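Participant: Below: sequence and its predicted model.
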Amino acid sequence: MVLCIENCASMLARRYAVGVLHLAFSKSSVLCVNELLKLLVSVGFVAAHPAHHGRLRAHMRAVVVQSAPMFVPAVVYLVVNLISYPALERINASVFTAISQLKVCHLPASLLPPGPSSQTQPRSAL
């Protein structure tokens, strides 16, 4: 729920900054600060969980080591975040958010290996 609110607030702020105010700023710096804030919130949630008291550093190290499969989705999210600024200059924030969330539906399905063939043999004429 927190990340959903963060995503909506971020898109609205981006739209207002680039589409309404036409501010000139380093989009890469803004994305970096945004991701660092998400990291801090996530680490705060983990640190607050009773199961991780005293083992936070070991848990975070294990998470980093086991996160290699997430490289491809991370790159997709980076690309979407980078194109969000020029897109938000041209279209409504709600339209962009809805379209960009399609990556959540499509990306996992595209990374799955193909399943067994569903081809059926044609039935012979009776």
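Facilitator: In hand now; what should we look at? Residues are numbered from 1 along each chain as shown.

Participant: and the residue nearest in space to the middle of the chain, how far is that from Lys38?
Facilitator: Central residue of the chain (C-alpha atoms, centre = their mean): Tyr77, 4.7 Å from the mean position. Distance, Tyr77 to Lys38, by C-beta to C-beta, to the nearest Å: 11 Å. C-betas here are computed from N, CA, C, even on glycine.

Participant: what's around the residue nearest to Val2 when sequence neighbours are not counted, how many residues?
Facilitator: Excluding its sequence neighbours, the residue lying closest to Val2 (C-beta to C-beta, 6 or more residues apart in numbering) is Val41, at 6.9 Å. Val41 has 13 neighbours, counted by other C-beta atoms under 10 Å.

Participant: What strand or helix carries Val41?
Facilitator: helix 27-48 (DSSP states H and E).

Participant: So which other helices or strands are in contact with that helix?
Facilitator: Under the contact criterion of 3 or more C-beta pairs under 8 Å, 6 or more residues apart in numbering; DSSP states H and E, helix 27-48 touches helix 2-15, helix 56-65, helix 71-90.

Participant: Return the list of helices and strands in contact with the first one.
Facilitator: This means helix 2-15. Judged by 3+ C-beta pairs under 8 Å, 6+ apart, the packing partners of helix 2-15 are helix 27-48, helix 71-90, helix 93-100.

Participant: run the last query once more with 6 Å
Facilitator: Helix 2-15 is packed against helix 93-100, with contacts defined by 3 or more C-beta pairs under 6 Å, 6 or more residues apart in numbering; DSSP states H and E.

Participant: does Ala24 sit in a helix, a strand or a coil?
Facilitator: coil (DSSP: H, G, I helix; E, B strand; the rest coil).

Participant: Tell me who's in contact with it.
Facilitator: Counting by C-beta atoms under 6 Å, 6 or more residues apart in numbering, Ala24 makes contact with nothing.

Participant: Would you mind measuring from it to Leu36?
Facilitator: Ala24 is 22 Å from Leu36, by C-beta to C-beta.
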